[in-house]
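Asks: For reference, the sequence and a predicted model appear below.
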Amino acid sequence: MRSGAAVARPPIHTATRSRTITARASSRSTWLACTLIAMALGGIPSVASGEIIDRVLAVVDGALITQSDVTAAIRLDLEPDRAGTDRVAAVLDALIERRLILAEVDRYAPPDPPEPDVDRAFEAVRARLGPAAFEQVLLQTGASADQVRRFVRDDLRIAAYLQQRFGTIQPSEVDVAQYYREHANEFGGKSLQDVHDAVAAQLTAERRASLVSEWVAGLRRRANINILPR
């Protein structure tokens, strides 16, 4: 460049347009941030009525679990009921653990379950309510049939992963005999020889459940979980 040469500048209207675009982008970012904060504090209100559309109940490593997620899981009976507990709190806790487990499943990417198995699991959910009630719950909760299919598909993925990771427990005969002596009344007074396989299966299931529970507790300790006031 020659000394003293004039430096080309964009036309004023171009610079103004650039500042306008930048301002609009900043405004959109600000709106998005405010929306997320509003969700975290209790939901997004409808402009017309002020009615809360949804409410965030928990944030698990940055992933949101909403009131509608919990409601759909309850209404569709997707999570087991725990007698004597706050149903919403229990299902929310189950969904938190499910989110953590799915993150581990996704890390190892096991094969997807066969489509016929997914179809059967989906139809079992639908049959529990009946077709009409099933469609009504979807309408009321804002869920879709595809979301339910993904849910049951993930259930099958979780089951396969847990079986692969914790399914090799084989109690010794000494352990089986000891367990039978401590729980003989649960087997109708039959001899160990008559109920050996049932005793071994129950002992295996309890040990497996204990290992899974300890593993999930470790996932929870390492995770960033924020449960918001309801």
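Replies: Great, that's in hand.

Asks: C-alpha only now, for contacts and for neighbours.
Replies: Will do.

Asks: tell me the contacts of V125?
Replies: With contacts defined as Cα atoms under 8 Å, 6 or more residues apart in numbering, V125 is in contact with L76, D77, L78.

Asks: Mind listing what's buried along the helix or strand where it lies?
Replies: V125 belongs to helix 115-129 when assigned by DSSP states H and E. Within helix 115-129, the residues that count as buried by 16 or more other Cα atoms under 10 Å are V118, A121, F122, V125, R126, L129.

Asks: how about those in TSV, adding pLDDT and distance to D197?
Replies: Formatted as TSV, the buried residues of helix 115-129 follow (pLDDT from 0 to 100; distance: Cα to Cα, whole Å):
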residue	pLDDT	distance to D197
V118	98	30
A121	97	28
F122	98	32
V125	96	31
R126	97	34
L129	94	35
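
Asks: Output those residues as CSV; include the columns distance to A103.
Replies: Shown next, in CSV, are those (distance: Cα to Cα, whole Å):
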residue, distance to A103
V118, 20
A121, 22
F122, 22
V125, 24
R126, 27
L129, 30
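
Asks: Next, the most centrally placed residue in the chain: secondary structure please.
Replies: Nearest to the geometric centre of the chain sits R99, at 3.7 Å (Cα atoms, centre = their mean). Under DSSP: H, G, I helix; E, B strand; the rest coil, R99 falls in the helix class.

Asks: pLDDT score for it?
Replies: According to the prediction, R99 has pLDDT 97.

Asks: Low-confidence ranges, the chain, go.
Replies: 1-53, 82-84 (pLDDT under 70).

Asks: can you map out the strands along it?
Replies: For the chain, the strands defined by DSSP state E occupy 56-60, 63-66, 225-227.

Asks: for those strands, which one ends up most surrounded?
Replies: Most buried of the strands of the chain by mean neighbour count (mean count of other Cα atoms under 10 Å) is strand 56-60; its value is a mean of 21.

Asks: Just the C-alphas of that one, formatted as CSV.
Replies: The C-alpha trace of strand 56-60 is given here as CSV (Å, rounded to 0.1, in the frame of the first residue of the first chain):
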residue,chain,number,x,y,z
VAL,A,56,-38.8,-27.8,34.5
LEU,A,57,-38.5,-30.2,37.5
ALA,A,58,-34.9,-31.2,37.2
VAL,A,59,-31.8,-30.6,35.1
VAL,A,60,-29.5,-33.6,34.8
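
Asks: what lines up beside it in the sheet?
Replies: Partners of strand 56-60 in the sheet, by DSSP bridges, are strand 63-66 (antiparallel), strand 225-227 (antiparallel).

Asks: I'd like the ones you listed written out as CSV, with distance to W215 added.
Replies: CSV is the format used below for the strands paired with strand 56-60 (distance: least, Cα to Cα, whole Å):
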stretch, distance to W215
strand 63-66, 20
strand 225-227, 16
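
Asks: Could I have the CA atoms of the helix holding V125 written out in CSV?
Replies: Taking C-alpha atoms only, helix 115-129 is exported to CSV below (Å, rounded to 0.1, in the frame of the first residue of the first chain):
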residue,chain,number,x,y,z
GLU,A,115,-38.1,-54.0,15.8
PRO,A,116,-40.6,-56.8,16.6
ASP,A,117,-39.5,-56.5,20.3
VAL,A,118,-40.1,-52.7,20.2
ASP,A,119,-43.5,-53.3,18.6
ARG,A,120,-44.5,-55.7,21.3
ALA,A,121,-43.3,-53.4,24.1
PHE,A,122,-45.2,-50.5,22.5
GLU,A,123,-48.4,-52.5,22.0
ALA,A,124,-48.2,-53.6,25.7
VAL,A,125,-48.2,-49.9,26.8
ARG,A,126,-51.1,-49.2,24.5
ALA,A,127,-53.1,-52.3,25.6
ARG,A,128,-52.7,-51.4,29.3
LEU,A,129,-54.8,-48.2,28.7
